[in-house]
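>>> the following block contains a protein sequence and its predicted model.
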Amino acid sequence: MTTTYTSYRLISQDLTTSLERVAAKPDVKRETEYYLSKIGDIKSIDDFMADSRLYNYALKAHGLEDMAYAKAFIRKVLTEGVDDKEAFANKLADSRYGDLVKSLNFATHGAAATSFDRATKGVVDKYTRQTLEQDAGNDNNGVRLALYFERTASTIKSGLDILADDALIQVVRTTLQMPAETIATDIDKQAAYLDRVLNIADFKDPEKVGKFLERFTAMWEMENPSDNYDPLAVFGGSSGHGISTDLLLSINNLKLGGS
């Protein structure tokens, strides 16, 4: 059976072809065509949230598919934007919410928010990449993790950034074979440990990221025999990320349903 590393490299080495193949899938093509045909008519957050297909497409594009039900939460993120350092999205450890705002920045640009490339082609590109990673995870979640890490590695600035992302910390813990006692320690101590044992700057170098992922996929293969993969185990669902306790508490402080 094809190893985790081989599967990851087959996708990664010819990423353009891999993405083109995903974009041509009938379901992906259908949803993308709908998104592009409608998004230009969206002039407000209310318009955006009223169209469930657009809303779900954009959330999936940003890895937030599992948060689609939390409409009041998403509304608050979009309404406050990211310009103010005290904005809701900027207080969340998860950068996906800030990325969603930057793609659909109604807070700053109002009715013109959907006229920018980042709201059209940018979102479509993100959706295609998310779908590629999800499809890979259906066969081998280690491949999905590797592709996700490769995509986001250059944004990592500290051990805390790694700890704030369920997928990133899964890759790092697997690669470093972090002992259980380390995982159970205070979050600041874990961050200090990661800052000590990793050269975070290396994650901006694609070649060094490749070496890191080669080690990760080897460790993953040892821990997860090829016939025993559980595509949902790492991410806590079909979306790609589990929902942290802190995030659930934030959601529970809001009235759900979008009102």
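Structure received.
>>> and the helices in the stretch 151-259 of the chain?
If DSSP state H, counting those that start in this stretch is used as the criterion, the helices of the stretch 151-259 of the chain fall at 159-163, 166-176, 180-183, 187-197, 206-223, 245-252.
>>> of those helices, which is nearest residue 12?
When the helices of the stretch 151-259 of the chain are compared by Cβ to Cβ, helix 206-223 sits nearest residue 12, at 8.3 Å. C-betas here are computed from N, CA, C, even on glycine.
>>> any buried residues in the closest one, and which?
In terms of neighbour count (16 or more other Cβ atoms under 10 Å), helix 206-223 has its buried residues at 209, 212-213, 216-221.
>>> one more: stretch 50-61?
Using 16+ other Cβ under 10 Å, the residues of stretch 50-61 that count as buried are 51, 54-55, 57-61.
>>> out of those, which are inside helices?
Secondary structure from DSSP state H places 54-55, 57-61 of the buried residues of stretch 50-61 in helices.
>>> in JSON lines, list the residues you listed along with distance to residue 183 and pLDDT.
JSON lines is the format used below for those (distance: Cβ to Cβ, whole Å; pLDDT from 0 to 100):
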{"residue": "54", "distance to residue 183": "39", "pLDDT": "98"}
{"residue": "55", "distance to residue 183": "36", "pLDDT": "98"}
{"residue": "57", "distance to residue 183": "35", "pLDDT": "98"}
{"residue": "58", "distance to residue 183": "34", "pLDDT": "98"}
{"residue": "59", "distance to residue 183": "30", "pLDDT": "98"}
{"residue": "60", "distance to residue 183": "30", "pLDDT": "98"}
{"residue": "61", "distance to residue 183": "31", "pLDDT": "98"}
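>>> picking up where we left off before, with distance to residue 181 and pLDDT added, can I get the buried residues of helix 206-223 in JSON lines?
Putting the buried residues of helix 206-223 into JSON lines (distance: Cβ to Cβ, whole Å; pLDDT from 0 to 100) gives the following:
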{"residue": "209", "distance to residue 181": "28", "pLDDT": "97"}
{"residue": "212", "distance to residue 181": "23", "pLDDT": "97"}
{"residue": "213", "distance to residue 181": "26", "pLDDT": "97"}
{"residue": "216", "distance to residue 181": "21", "pLDDT": "97"}
{"residue": "217", "distance to residue 181": "25", "pLDDT": "96"}
{"residue": "218", "distance to residue 181": "24", "pLDDT": "94"}
{"residue": "219", "distance to residue 181": "19", "pLDDT": "94"}
{"residue": "220", "distance to residue 181": "22", "pLDDT": "95"}
{"residue": "221", "distance to residue 181": "25", "pLDDT": "91"}
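>>> hmm, back to that, tell me the one of the buried residues of stretch 50-61 nearest residue 72?
For the buried residues of stretch 50-61, with residue 72 as the reference and Cβ to Cβ as the criterion, the closest is residue 55, at 13.1 Å.
>>> show me what contacts that closest one?
Residues touching residue 55, when contacts are defined by Cβ atoms under 8 Å, 6 or more residues apart in numbering, comprise 48-49, 68.
>>> and residue 115, how far is that from residue 43?
As judged by Cβ to Cβ, to the nearest Å, residue 115 and residue 43 stand 10 Å apart.
>>> who has more neighbours, the two?
More neighbours surround residue 43 than the other of residue 115 and residue 43, with 15 against 12 (other Cβ atoms under 10 Å).
>>> if we ignore the residues flanking it in sequence, what's nearest that one?
Once its chain neighbours are removed from consideration, residue 43 has its nearest residue in residue 111; the separation is 3.9 Å (Cβ to Cβ, 6 or more residues apart in numbering).
>>> kindly report the same for residue 88.
Of all residues not flanking residue 88 in the chain, residue 80 sits nearest, at 4.6 Å (Cβ to Cβ, 6+ apart).
>>> touching, the one you found and residue 97? I think so.
No: assessed by Cβ atoms under 8 Å, residue 80 is found out of contact with residue 97, at 10.1 Å.
>>> of the two, which one has the most company?
More neighbours surround residue 97 than the other of residue 80 and residue 97, with 25 against 17 (other Cβ under 10 Å).
>>> all strands of this structure, in order?
Using DSSP state E, the strands of the chain do not appear at all; there are none.
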